[in-house]
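A.B. asks: Pasted the sequence and its predicted model underneath.
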Amino acid sequence: MGETGKRDIDVKLLELLACPLTKGPLVWDAERGELVSRLARLAYPVRDGIPVMLPSEARQIGEPETNPGT
């Protein structure tokens, strides 16, 4: 149980959920309270403990790091 004051997400729920666009896995970002799809580069909000799995509600996350100088 998290003692940071941020809500944790049920591990079993996280195992069942997938990104609606890529069908790939989601990663819980406890600091921001979001479910992150690295493949789609989207972060889905969790409001009142309920994941909002709508792409229109998701936040775009930054580009993955690239190696400069190639």
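C.D. replies: On my side now, so go ahead.

A.B. asks: Tell me which stretches of this protein form helices.
C.D. replies: Using DSSP state H, the helices of the chain run over 11-16.

A.B. asks: packing partners for the longest strand anywhere in it?
C.D. replies: Longest strand in the chain by number of residues, with DSSP state E as the criterion: strand 42-47. Packing partners of strand 42-47 (3 or more CB pairs under 8 Å, 6 or more residues apart in numbering; DSSP states H and E): strand 34-37, strand 59-60. Where C-beta positions appear, they are placed from N, C-alpha and C, glycine not excepted.

A.B. asks: partner strands of that strand, parallel or antiparallel?
C.D. replies: Strand pairing for strand 42-47, using DSSP bridges, gives strand 34-37 (antiparallel), strand 50-51 (antiparallel), strand 59-60 (antiparallel).

A.B. asks: got the buried residues for that strand?
C.D. replies: Of all the residues in strand 42-47, those buried under the rule 16 or more other CB atoms under 10 Å are Leu42, Ala43, Tyr44, Pro45, Val46.

A.B. asks: what does stretch 8-22 give?
C.D. replies: Across stretch 8-22, burial judged by 16+ other CB under 10 Å covers Ile9, Leu17, Cys19.

A.B. asks: and which of those residues is nearest Gly33?
C.D. replies: Ile9 (8.7 Å; CB to CB).

A.B. asks: Pull up the gap between that closest one and Arg41, please.
C.D. replies: In this view, Ile9 and Arg41 are 20 Å apart by CB to CB, to the nearest Å.

A.B. asks: do the same with Ala30
C.D. replies: 19 Å.

A.B. asks: cool, and Val52?
C.D. replies: Look at Val52 and Arg41: by CB to CB, they are 17 Å apart.

A.B. asks: got it, and Gly33?
C.D. replies: Noted for Gly33: a distance of 18 Å to Arg41, by CB to CB.

A.B. asks: ok so, going back, please tabulate the helices and strands packed on strand 42-47 in CSV, including the columns distance to Leu26, mean pLDDT and mean neighbour count.
C.D. replies: Shown next, in CSV, are those (distance: least, CB to CB, whole Å; pLDDT from 0 to 100; neighbours: other CB atoms under 10 Å):
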stretch, distance to Leu26, mean pLDDT, mean neighbour count
strand 34-37, 4, 96, 23
strand 59-60, 14, 96, 10
